[in-house]
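Q: Predicted model and sequence below, questions to follow.
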Amino acid sequence: MAEQEPTRRERIRRRTVAEIKAAAMDQVRESGSESLSLNAIARTMAMSMAALYRYFDSRDALLADLAVDVHLDLAEALEAAAGRPASPVARVRAVANAYREWALAHPHAYRLAHGSTHGSGRDHAGDRIVPAAQRSMAVLLAVVAEVGRPSGPPVPAGLERQILRWNSGGHHDLPVDVLRFGLVWWSRLHGLISLELGEHLAATGIDPALLYEGEVDAMLAGVGHRYGATA
């Protein structure tokens, strides 16, 4: 059955929602999610607060919608990076670099997605935020799995059960040691990026780019026995 064309009312609603989200994202990009003001958005759009609440019933609801968009935008950047290089190791490097480059180009958006409960799906719109975030994780796991199986001790039974439960909705048909390695790798990259965004590394005199590159090299050394870490 052909999809029914949206009504004029629905087209107007979609356009208004897109305009509200664009105005909100402008605020987030400028000053971070903490500064988001529904009153300012209403003034920008020449709307009353009552009219705005017909589209988003709270500030939290609007931030959750933005978090979904941010997760999807990041996932698209990682998917594009993964599709370019030819070798598995080159794909790992491309995805890792794309992750950092996206975060540095969109620092406040990155913090919304990865440094707030709005981006976690824990308290708001989890049915939409979690699948959107899983798209990025799927890219990270896929490129890691292509390089090889990680070396190291077996996954403890308790952690294995938790990882398998976490993965039950992710559709990643991967061994548990690869899943654990991908989670740990993501957390380490995220930690370095968060420190860089917060300028916490500035006093050390260490170049964050070199530190990040070294972390990617270390990760490849842990899984690179199939193809070699410098392939």
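A: Yep, that arrived. Numbers count the residues shown, from 1 in each chain.
Q: how about the strands in the chain?
A: Assigned by DSSP state E, the strands in the chain number zero.
Q: what residue ranges in it score low on pLDDT?
A: Within the chain, the segments meeting pLDDT under 70 span 1-3, 121, 169-172, 224-231.
Q: Which parts of it belong to which domain?
A: Following automatic domain parsing, the chain resolves into domains at 1-57, 61-223.
Q: got JSON lines for those domains, with mean neighbour count too?
A: To be clear about C-beta, it is placed using only N, CA and C from the backbone, and glycine gets the same treatment. Shown next, in JSON lines, are the domains of the chain (neighbours: other C-beta atoms under 10 Å):
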{"stretch": "domain 1-57", "mean neighbour count": "13"}
{"stretch": "domain 61-223", "mean neighbour count": "17"}
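Q: show me what contacts the residue positioned nearest the centre of the chain?
A: Nearest to the geometric centre of the chain sits residue 71, at 4.4 Å (C-alpha atoms, centre = their mean). Going by C-beta atoms under 8 Å, 6 or more residues apart in numbering, residue 71 touches 113, 119, 129, 132-133, 135-136.
Q: let's see it at 7 Å
A: Counting by C-beta atoms under 7 Å, 6 or more residues apart in numbering, residue 71 touches 113, 129, 132-133, 136.
Q: got a list of contacts for stretch 88-102?
A: With C-beta under 7 Å, 6+ apart, stretch 88-102 has contacts from 74, 77-78, 81-82, 84-85, 139-140, 143-144, 146-147, 189, 193, 212, 216, 220, 224, 227, 229, 231.
Q: Also stretch 5-18?
A: By C-beta under 7 Å, 6+ apart, the list of residues contacting stretch 5-18 reads residue 55.
Q: so how far is it off the chain centroid?
A: Offset of stretch 5-18 from its chain centre (C-alpha atoms, centre = their mean, to the nearest Å): 28 Å.
Q: Going forward, count from 16.
A: Right, with 16 as the first residue, what we last looked at is stretch 20-33.
Q: circling back to that earlier point, could you measure the residue nearest to the centre of the chain against residue 129, distance?
A: Distance from residue 86 to residue 129, counting by C-beta to C-beta, to the nearest Å: 9 Å.
Q: next one: residue 166
A: On the measure of C-beta to C-beta, residue 166 and residue 129 end up 28 Å apart.
Q: swap in residue 109?
A: 20 Å.
Q: swap in residue 191?
A: Going from residue 191 to residue 129 by C-beta to C-beta gives 24 Å.
Q: do residue 212 as well
A: Distance from residue 212 to residue 129, by C-beta to C-beta: 10 Å.
Q: Would you map the helices across this protein?
A: For the chain, the helices defined by DSSP state H cover 23-46, 53-59, 64-67, 74-97, 103-120, 122-129, 132-135, 141-162, 172-182, 191-212, 223-238.
Q: Centre of the chain to the fifth one, how far?
A: Relative to the chain's own centre, helix 103-120 is displaced by 12 Å; criterion: C-alpha atoms, centre = their mean.
Q: That one vs helix 74-97, what angle?
A: Angle, helix 103-120 to helix 74-97, by axes from the mean of the first three to the mean of the last three C-alpha atoms, to 10 degrees: 150 degrees.
Q: do the same with the first one
A: Angle, helix 23-46 to helix 74-97, by the same axes, to 10 degrees: 80 degrees.
Q: and helix 23-46, how far from the chain's centre?
A: What separates the centre of helix 23-46 from the centre of its chain is 21 Å, taken as C-alpha atoms, centre = their mean.
Q: Please export the C-alpha coordinates of that helix as CSV.
A: Output in CSV follows, covering the C-alpha atoms of helix 23-46 (Å, rounded to 0.1, in the frame of the first residue of the first chain):
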residue,chain,number,x,y,z
ARG,A,23,-1.5,20.3,4.9
ARG,A,24,-1.9,20.5,8.7
GLU,A,25,0.7,17.8,9.2
ARG,A,26,3.2,19.5,6.8
ILE,A,27,2.8,22.8,8.7
ARG,A,28,3.4,20.9,12.0
ARG,A,29,6.5,19.2,10.7
ARG,A,30,7.9,22.5,9.4
THR,A,31,7.2,24.2,12.7
VAL,A,32,8.9,21.4,14.7
ALA,A,33,11.9,21.6,12.4
GLU,A,34,12.1,25.4,12.9
ILE,A,35,11.8,25.0,16.7
LYS,A,36,14.6,22.4,16.7
ALA,A,37,16.8,24.5,14.5
ALA,A,38,16.4,27.5,16.8
ALA,A,39,17.1,25.3,19.8
MET,A,40,20.2,23.7,18.2
ASP,A,41,21.5,27.2,17.5
GLN,A,42,21.4,27.9,21.2
VAL,A,43,23.1,24.6,22.1
ARG,A,44,25.9,25.2,19.5
GLU,A,45,26.4,28.7,20.9
SER,A,46,26.3,28.1,24.7
